[in-house]
Structures are given as structure tokens and as C-alpha cells.
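K.L.:
Next input, structure requested:
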Amino acid sequence: MHSSGLDIARDARPGTVTIFAIRLLMIYAERAENDTRRVWHRLGPSQTRKARGNKLDMEGSLTARDRVGIQDFVLLDAASETAFLENLKKRFSEDLIYTYIGSLLVSVNPYKELDIYTKKQMDVYMGVNFFELPPHIYALADNAYHTMMMEMNNHFILISGESGAGKTEASKKILQFYAISCPTTSLLHSVRDRMLVSNPVLEAFGNAKTLKNDNSSRFGKYMDIQFDTEGEAVGGHILSYLLEKSRVVHQNHGERNFHIFYQLVEGGEEDLLLSLGLERNCKHYSYLIQNDWKTVRKALSVIEFTESDLESLFGIIACVLHLGNVHFDTDTRGYATLYSNIELRWVSKLLGIHVKVLLEVLTFRKIEAKSEEVLSPFTVDHAIYARDALAKAIYGRTFTWLVNKINESLANRDSTRKTVIGLLDIYGFEVFYVNSFEQFCINYCNEKLQQLFIQLTLKSEQEEYEAEGIEWEPVQFFNNKIICDLVEEKHRGIISVLDEECLRPGDATDLTFLEKLEQKMGGHPHFITHRLADQKTRKTMERGDFRLLHYAGEVTYCVVGFIDKNNDLLYRNIKDVMRQSKNAIVRHCFASTEPDSRRRPETAQILLSGLETSP
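P.N.:
Predicted coordinates for the structure are as follows:
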């Protein structure tokens, strides 16, 4: 049994849900009904009559208790979109944000604090039958835990939904429940504390304000919570996916950079800011277009960060901010020259690299010509590209170091067999006013998760029903393999075309990439561009757009920036210089043992690295 959670995202305001979400809920409800038929088929006639009677008793008591709407969608008389929406609306109006679909939980984000997550609430849901109390995320967490202990096998909780659905908050509530409800000893208190404080640290470095969400996870996360035979939490491990590094150097209008930058500038102690060369004004830093510092600082101490670690870590955050303020002018030959040495000197101090060495790698590229090396000067545009690439690389690698450091703190030292509850909080499907390469990557990963869900549940289970001769209602669902193939197919998919365009000689641009897409994708039912569209559709698209019909609906992507973001090129001479850094974290992140292959890895491999081998 897998315990799963499904969060439903708002569309434009709290409490509204997408039509896609409702249709997906109806699929879950049909599946739950088929699962019931399957159990009755296996029980035989006499046991089935008894089971039906028990279920009717349970349904009767549940309905009597359910004063607002229906607590389990399976009990709806009419399984229609209208009925689903009406039931959600009734319950939401009374701040009842949770509803079951069999053993699954639906959550509508209220976008406000509700007094339903207290220690008293946790106590109420501990060790209680799943359907005995009103729907709650604590019931889901408790059910997964006790089933794990009873069967002594691993389980996972999948939290799915669009951007802004409340997935990050849901994962925190589950973690808090386990921290309080699981038995523990004084020796294990530190494990519990480290698990809890890992969240604010990862949120500080990996979350940001977007147009839909003030605390949006800009990375995916899978966490193992490890339990011993007594049910005590004894360790954990975090696997992170696809940090949105481009946010370090650019944010859409109305959005913000990662929280940690603001926390440090606005909350850092005076002597710390002085040592880092920072001012208490976010407007002074180009990478910040306009958080609780004390919580993050305390959390880092609990996770056993040494003073040396903290000094190096804060130095990196400040270094990235100073890099954003390094500006270039054009010299008489049209090449890049430094506008002012002040910011670069701070970068030099924080990295422990001589300022002249930094200036060279930011204004020249080292080219190997036969047996000698030649320095090729940058234009201003190339220098800005190199500067931003360095800032993204330093931040992205530091984030990986941070996750590894947390994992070291959470590591279980006992090698005896453990059971695990996995918690998958993956980035949600995104549709913004302007959608770029980041949204394309995130939505592709959601397509792959949806495909995996279809293969492992709906498709495989219905094949089992047929094989066992079970009477069942076919569940109609959209098989999104056609979209996954459109994106990832070798030599023909969008990603292959993008990779080829990034590697080919000549003047490859975002528009030449779009032209190649039109040549290869023209006529595909899930792909359209301004040029390929009919006159009515053209009015809704710009000339540099392409539109995909995803499983969750249409998304229009602007190709501007696709080539640069996919290349994410960090010149080798910059890597070589970073290996000389006196900042211990930077030196570790650019280790000399790192393979320096000239072959560019495929984009699909980067995006899905580890994703298909998770729970």
C-alpha cells in the first residue's frame, strides 16, 4: 500500500481549483471504487456480504458525522465535475480543507493560518483508524507509519499538485507529526531536531517568492525518514532535484531571489555585514530586485555547522551579491573592461583569489590552440554571461554541498535493517504569464511523474482486474506518453533539437531553435507556434512562442533564453581559478577530481537524474 497525498492548486485566488484537478480526482474516485470491487471479488460470497455490511455501517456513521458536504468522494451519489466542485466548495467555505478519496487525501490551500495543526490535534490522530476521524493530513501520516510498522516494509507519501498548491507546507506538517508522535529517547532527540530544522535551511537556500506563491520551492526534494524496529526515527536522507539556478541572476517582474539573500542583508548582524562588505539595503544589489534570519542561523547550528562552515557559507552568499554588482564598460577596441574595482575586490577577499586573476577570467577566455594557450578577450555581453555563469555555478554547487552536509548530520550510524517512509515534494506544474526554460523543465518532470503514475497504478491495476476476471468499471484517463515523446524522443523531441542547436557550429539563436522545432514538430497535435497557428490562435501568441498541450492544459513558452540557459556554460579557466579559492566550500565544490569532459551531457539526463529511481 502506498499512502499518497494530492494537493489541489489555486488558479487565481484561494479556494479555486483547475478543471484538470477535478478530472484527476474523478479518476482517483473511480479507481477507489474498483479497488473495493477487487477486495470483494477475492473474499468470496459469504465474506463479501459481511464486508459490504461493515462498509455500509462505516459509510452510515461517516455520513452522519459529516455535517458539511461529504468527507469521502467515493460516497458521492453522482460522480460528476459539478458534484465534485460543489462538495469542495461546501467544505472549503467552512475551512474544511481536507477530503478523502478512499485512502488518498485531497487538500485545498486556504492561504491562511488554520488552528488545526496543534499538539492536541496530533494526539487525537495518533493510532486511530484511518476513517474513524474527519480527513486530515495527520491521519494520512499516521496511517503510513502504522502500516509500515505492522508490515515492516517501506512506504512513501507523494505530494502532488500545481505550483502554489501548498505542497511544501504539507510536507512540513507530516515531518512535524512524526517528530512529535514517534517514540524517542534522549539520544534520539538530536535526530528529530535536525530533521525539523533541515526544512528552514533548505527553504532559505532553495525557496523564493513567485507570482503564485510567497514561499515557492524552486527545487524538488525527496526525503527518507528512517525508523528502527521500535518505530523510533533514527535517521534521514535528502535527495534534491533541479535547483532553479537562473533565479540567482534574474527574476521575473514581481518575483524575488532566493530567501537567503534577503535574510542575510536584512537580518544579519552588523559586524557580520561589515565583514562581508554588505549594506542593509537590498536595493543596492543588482541580483535582488526589490525570513527569518535568526531561525536559519539557529538551524545551521543544530545541524552541526562549525563556525568555519558558517564563515565560508555566508562569504559565498555575499560573494554572489558582489558579483552581481560587477559591471563592465567597452574599451577602445570594443572589448570588456572593468567599470570599477570595488566590488571585484570584495569578491577577491571572500573567495581568497587574487583580484587580477579574477579580472582575467571574467574578461578573457582561454583557448587551446595546438600546443599553446591563447587568451581571447570578451565583449561586454560575453563578460556579463561569464559573470552570471560563475554566480549560478557557485550558488548551485553550494546548494548541493548544503544538502550533503545536512545528510551527514541526519545519517543513521546503525547498520541494522531499517524501514523507511519516503516523502516526495516535487515542484508543481507551472503556468505563468511568461513561461521560459525553467517552466519547460519543471512541467516536463511533471509529465514524467504523471506517466509513471499512469503506468504503476491505473494501467497496471486495470490489467490485473482483467487477468483476475474482476467485474470493474473502466477508468478513462489521458495517456500522456504522446507528450513525453514530443519532449524527449531521441533525435526528434524538443530537448534533442535544443541540444543539437546548442552544439552545432554557426550562429545558433533562440529563433533558429524555434525554426527547427517547426520543421520537426509541425503537424503534431500537441505542438503549435505563431507561424503554424490559424489566424485566431495567432492573436494569442507572440512570434517567439511555442505552445504545448500538456496533460494539465495548454502552456505557451517564450523561447528567449532557451539556448543560453540550456548551455549553462562555465568556462574551464573559471573552474580552474575556483579550485584555487581559500574559501573551503568553494574549493570543495570545484574539486580537482571533478571530470572535465568536453562532451556536453544531454539535457534529459540532467533533468531526470535520479527521478525514475526514487520511490
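K.L.:
from here on, contacts and neighbour counts on C-alpha atoms
P.N.:
Fine.
K.L.:
Going along the chain, name the helices of the stretch 101-250 of the chain.
P.N.:
In the stretch 101-250 of the chain, the helices defined using DSSP state H, counting those that start in this stretch lie at 119-125, 137-151, 167-181, 189-206.
K.L.:
Adding mean neighbour count and distance to residue 269, write those helices out as JSON lines.
P.N.:
Output for the helices of the stretch 101-250 of the chain, formatted as JSON lines (neighbours: other CA atoms under 10 Å; distance: least, CA to CA, whole Å):
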{"stretch": "helix 119-125", "mean neighbour count": "15", "distance to residue 269": "34"}
{"stretch": "helix 137-151", "mean neighbour count": "20", "distance to residue 269": "38"}
{"stretch": "helix 167-181", "mean neighbour count": "19", "distance to residue 269": "28"}
{"stretch": "helix 189-206", "mean neighbour count": "21", "distance to residue 269": "17"}
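K.L.:
now for those, which one comes closest to residue 293?
P.N.:
Set against residue 293 and scored by CA to CA, those come closest in helix 189-206, at 8.9 Å.
K.L.:
from the chain's centre, how far out does the closest one sit?
P.N.:
On the basis of CA atoms, centre = their mean, to the nearest Å, helix 189-206 sits 17 Å off its chain's mean C-alpha point.
K.L.:
could you dump it to PDB, C-alpha only?
P.N.:
What follows is helix 189-206, C-alpha atoms only, in PDB (Å, rounded to 0.1, in the frame of the first residue of the first chain):
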ATOM      1  CA  HIS A 189      16.200  13.900  20.200                       C
ATOM      2  CA  SER A 190      19.100  15.300  18.200                       C
ATOM      3  CA  VAL A 191      18.000  13.300  15.100                       C
ATOM      4  CA  ARG A 192      14.400  14.700  15.500                       C
ATOM      5  CA  ASP A 193      15.600  18.200  15.900                       C
ATOM      6  CA  ARG A 194      17.900  18.000  12.900                       C
ATOM      7  CA  MET A 195      15.100  16.700  10.700                       C
ATOM      8  CA  LEU A 196      12.800  19.600  11.800                       C
ATOM      9  CA  VAL A 197      15.400  22.300  11.300                       C
ATOM     10  CA  SER A 198      16.500  21.000   7.900                       C
ATOM     11  CA  ASN A 199      13.400  22.500   6.400                       C
ATOM     12  CA  PRO A 200      14.000  26.200   7.200                       C
ATOM     13  CA  VAL A 201      17.600  25.800   6.000                       C
ATOM     14  CA  LEU A 202      16.600  24.200   2.700                       C
ATOM     15  CA  GLU A 203      13.800  26.700   2.300                       C
ATOM     16  CA  ALA A 204      16.100  29.600   2.800                       C
ATOM     17  CA  PHE A 205      18.500  28.500   0.100                       C
ATOM     18  CA  GLY A 206      16.000  26.800  -2.200                       C
END
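K.L.:
Let me know the angle separating that helix from helix 167-181.
P.N.:
170 degrees (axes from the mean of the first three to the mean of the last three CA atoms, to 10 degrees).
K.L.:
going forward can the numbers begin at 54, since that is how I track them
P.N.:
Yep, numbering from 54; the last one is helix 242-259 now.
K.L.:
picking up where we left off before, of all the helices of the stretch 154-303 of the chain, which one comes closest to residue 287?
P.N.:
The closest of those to residue 287 is helix 242-259. By CA to CA, the value is 6.4 Å.
K.L.:
For the closest one, name the packing helices and strands.
P.N.:
Judged by 3 or more CA pairs under 8 Å, 6 or more residues apart in numbering; DSSP states H and E, the packing partners of helix 242-259 are helix 220-234, strand 286-294, helix 312-320, helix 346-355, helix 433-463.
K.L.:
between the next helix or strand after the fourth one and helix 346-355, how big is the angle?
P.N.:
From helix 346-355 onward toward the C-terminus, using DSSP states H and E, the following helix or strand is helix 360-377. Using the same axes, to 10 degrees, the interaxial angle of helix 360-377 with respect to helix 346-355 works out to 130 degrees.
K.L.:
buried set for helix 360-377?
P.N.:
364-377 (16 or more other CA atoms under 10 Å).
K.L.:
repeat for stretch 552-565
P.N.:
Buried, per 16+ other CA under 10 Å, within stretch 552-565: 552, 553, 554, 555, 562, 563, 564.
K.L.:
Pick out whichever of these sits closest to residue 201.
P.N.:
So of these, ranked by how close each gets to residue 201 (CA to CA), first place is residue 552, at 43.6 Å.
K.L.:
the strands in the stretch 54-203 of the chain, which residues?
P.N.:
Ranges of strands in the stretch 54-203 of the chain, per DSSP state E, counting those that start in this stretch, are 56-61, 151-154, 157-161.
K.L.:
re the thing from before, how about CSV for the helices and strands packed on helix 242-259, with mean pLDDT and distance to residue 628 added?
P.N.:
Below are those laid out as CSV (pLDDT from 0 to 100; distance: least, CA to CA, whole Å):
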stretch, mean pLDDT, distance to residue 628
helix 220-234, 88, 34
strand 286-294, 87, 23
helix 312-320, 94, 24
helix 346-355, 88, 28
helix 433-463, 94, 9
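K.L.:
just checking, residue 298 touches residue 445?
P.N.:
Yes - between residue 298 and residue 445 there is a contact at 5.5 Å, judged by CA atoms under 8 Å.
K.L.:
ok, the two, which is more surrounded?
P.N.:
Remark: of residue 298 and residue 445, residue 298 carries more neighbours, 24 against 21, as counted by other CA atoms under 10 Å.
K.L.:
ok, the more buried one - contacts?
P.N.:
Contacts for residue 298 (CA atoms under 8 Å, 6 or more residues apart in numbering) come out as 445, 446, 448, 449.
K.L.:
nearest to residue 323, of these?
P.N.:
Using CA to CA, these come closest to residue 323 at residue 448, 23.4 Å.
K.L.:
Show the backbone phi and psi for residue 472.
P.N.:
Dihedral angles phi and psi of residue 472 (degrees, to the nearest 10) take the values phi -100, psi 160.
K.L.:
Write down the beta-bridge partners of it, one by one.
P.N.:
Counting by DSSP bridges, residue 472 is bridged to residue 280.
K.L.:
pretty sure it is touching residue 279, no?
P.N.:
Yes - the pair residue 472 / residue 279 is scored as a contact, 5.9 Å apart, by CA under 8 Å.
K.L.:
Only C-alpha atoms, please: export stretch 388-401 in CSV.
P.N.:
Only the C-alpha atoms of stretch 388-401 are listed here, as CSV (Å, rounded to 0.1, in the frame of the first residue of the first chain):
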residue,chain,number,x,y,z
TYR,A,388,36.3,44.6,-25.6
ALA,A,389,35.1,44.4,-22.0
THR,A,390,36.9,46.3,-19.3
LEU,A,391,36.1,46.6,-15.6
TYR,A,392,34.0,49.7,-14.6
SER,A,393,35.2,49.7,-11.0
ASN,A,394,37.4,47.5,-8.9
ILE,A,395,35.5,47.9,-5.6
GLU,A,396,33.0,45.0,-6.0
LEU,A,397,35.6,42.7,-7.5
ARG,A,398,38.0,43.4,-4.6
TRP,A,399,35.3,42.1,-2.2
VAL,A,400,34.8,39.0,-4.4
SER,A,401,38.5,38.6,-4.3
